[in-house]
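Undergrad: fold the stuff below for me.
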Amino acid sequence: MSETYVEKAKRLLKEFKGDDYAFGEKALEKIGEYSHRIGKKVAIITGRTGRRTGILDQVQESLKREGIEVLDVLDGARPNTPREDVYRLAYQLTRLKCDGAIAIGGGSTLDAAKAALVLYKYGGVIDEYFGTGMVSAKSGGERIPLIAIQTASSSASHLTKYSNITDVVTYQKKLIVDDSIVPRASIFQYDVTKSMPPNFTKDGALDGIAHCWEVWMGATGKSYYERVSEVAYTGIKLIVDALPKALENGEDMEARYALGLGTDLGGYSIMLGGTNGGHLGSFSLVDILPHGRACAILNPYYTVLFAPTIQDQLKKVSKIYAEAGFMSESETKLTGRKLAEAVARGMIEFSRSIEFPTTLKEAGATEKHIEKMVKAAKDPQLKMKLQNMPIPMDAEAGDVDRLMKPTLEAAYTGDLSLIPEV
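TA: Numbering: from 1, shown residues only. Model prediction:
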């Protein structure tokens, strides 16, 4: 009997995280055991979900039984992790002189906890850590003392080396990328996501697809291509099939479980490789769009741009969208740019089916947003996103203006013909 996608996802996650990750049914029971990894005196950082669902109470009771002292319970971060919330938490952790922290929440709270612990442990200002490997330069490779408890099927921040921070003055996101900010242990009990409202469920699911698809696109010719193909395909398949069911019935536990597994595989994907165009553009759209929604708009258009280098990925992913009814079976037999355009239309139809905008203009963007995205792409601190692309771009060689700008203009209007032939 062949392995189901759920069984495959469980196997892949076990291979990925081993004993550092408890997921699925009764996963929260592991918090007592994990807590000893971060010391005897801890702070708890929690978003609203942790308080509302009773997770906070359960965690505190488990810590008490283990003889772990909770010095204080701190509020998490607002959406998109404003840098002000990071500084507030860093100050509070410094005042408490805790050994470590347990963070309970979605991506914003977990990202804030990561960044705040970096400032608490190593000092300085947050800008010093944007980019790749800046924390390890001070930590010597030691991981921050963090246990992450995820409450949303979305960013998979509980599994990864990423922390997104937003400047709320300029509405621009920047990124810390470092193995030293991977939590020492993580927990995600998928049934807690039944309280996720429909729009948050959609945004999180599409963020998971973006993680899988962007890394998979950028993996052509890489040593990890076969592994990421299995991980990303399984993640996208689970999310595309489960999201409509979760939206129809928020308490459908099979669908919620599948979304948790699928978005977790998105986290596995971004630990194998890096995201690229969709994520890079989304960082400049935080004033008008949630992250997952921004990626969902941009990725079909980048799919067409990258067509020459992602034919194997397109052949495989087209089957997912065809089986779900968003492409015809005959379209899966196309090749070249025609196949890429058919997959892009399938992705767009999937977004339309869940009432997502499918162009930047429809989402409320202006031409100034395109200018902002082009400018951000030339920022050296975001250079990794250009290098992760299936067709790497060099800002200094004019690739951003020559290739990215017309692709963003296509995403603005919905006209695939504006995307350059590469």
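
Undergrad: for the closest residue in space to residue 336 that isn't next to it in sequence, what are its contacts?
TA: For residue 336, ignoring the flanking residues on the chain, the nearest one in space by CB to CB, 6 or more residues apart in numbering is residue 307 at 6.5 Å. (Each C-beta comes from the backbone N, C-alpha and C, glycine too.) Residue 307 makes contacts with 314, 336-337, 339-341, 422, as judged by CB atoms under 8 Å, 6 or more residues apart in numbering.

Undergrad: which one of those residues is nearest to residue 107?
TA: Proximity of the contacts of residue 307 to residue 107 (CB to CB) peaks at residue 314, which lies at 28.4 Å.

Undergrad: which residues does that closest one contact?
TA: Applying CB under 8 Å, 6+ apart, we find residue 314 in contact with 303, 307, 339-340, 343.

Undergrad: ok, residue 267 next?
TA: 155-160, 211.

Undergrad: how far away is it from residue 148?
TA: 11 Å (CB to CB, to the nearest Å).

Undergrad: ditto for residue 167
TA: Counting by CB to CB, the gap from residue 167 to residue 148 is 24 Å.

Undergrad: more crowded one of the two?
TA: Set side by side, residue 167 and residue 148 show more neighbours around residue 148, with 27 against 16, by other CB atoms under 10 Å.

Undergrad: just grab the bridge partners of that one for me.
TA: residue 103, residue 186 (DSSP bridges).

Undergrad: ok, it touching residue 186?
TA: Yes. If you go by CB atoms under 8 Å, residue 148 and residue 186 touch, sitting 4.7 Å apart.

Undergrad: tell me, what residue is most central in the chain?
TA: With distances taken as CA atoms, centre = their mean, residue 155 lies nearest the centre of the chain, 3.1 Å away.

Undergrad: show me what contacts that one?
TA: Residue 155 makes contacts with 106-107, 110-111, 164, 204, 207, 263, 267, 291, as judged by CB under 8 Å, 6+ apart.

Undergrad: picking that back up, out of the contacts of residue 314, flag the one nearest to residue 388.
TA: Nearest to residue 388 among those is residue 303, at 14.8 Å by CB to CB.

Undergrad: what is the three-state secondary structure of the closest one?
TA: Following DSSP: H, G, I helix; E, B strand; the rest coil, residue 303 is assigned to helix.

Undergrad: follow-up on the earlier one: which of the contacts of residue 307 fall within strands?
TA: Judged by DSSP state E, these include no members of strands.

Undergrad: out of these, which comes closest to residue 32?
TA: Closest approach to residue 32 among the contacts of residue 307 (CB to CB): residue 314, at 46.3 Å.

Undergrad: for residue 303, see how far away that closest one is.
TA: Counting by CB to CB, the gap from residue 314 to residue 303 is 8 Å.
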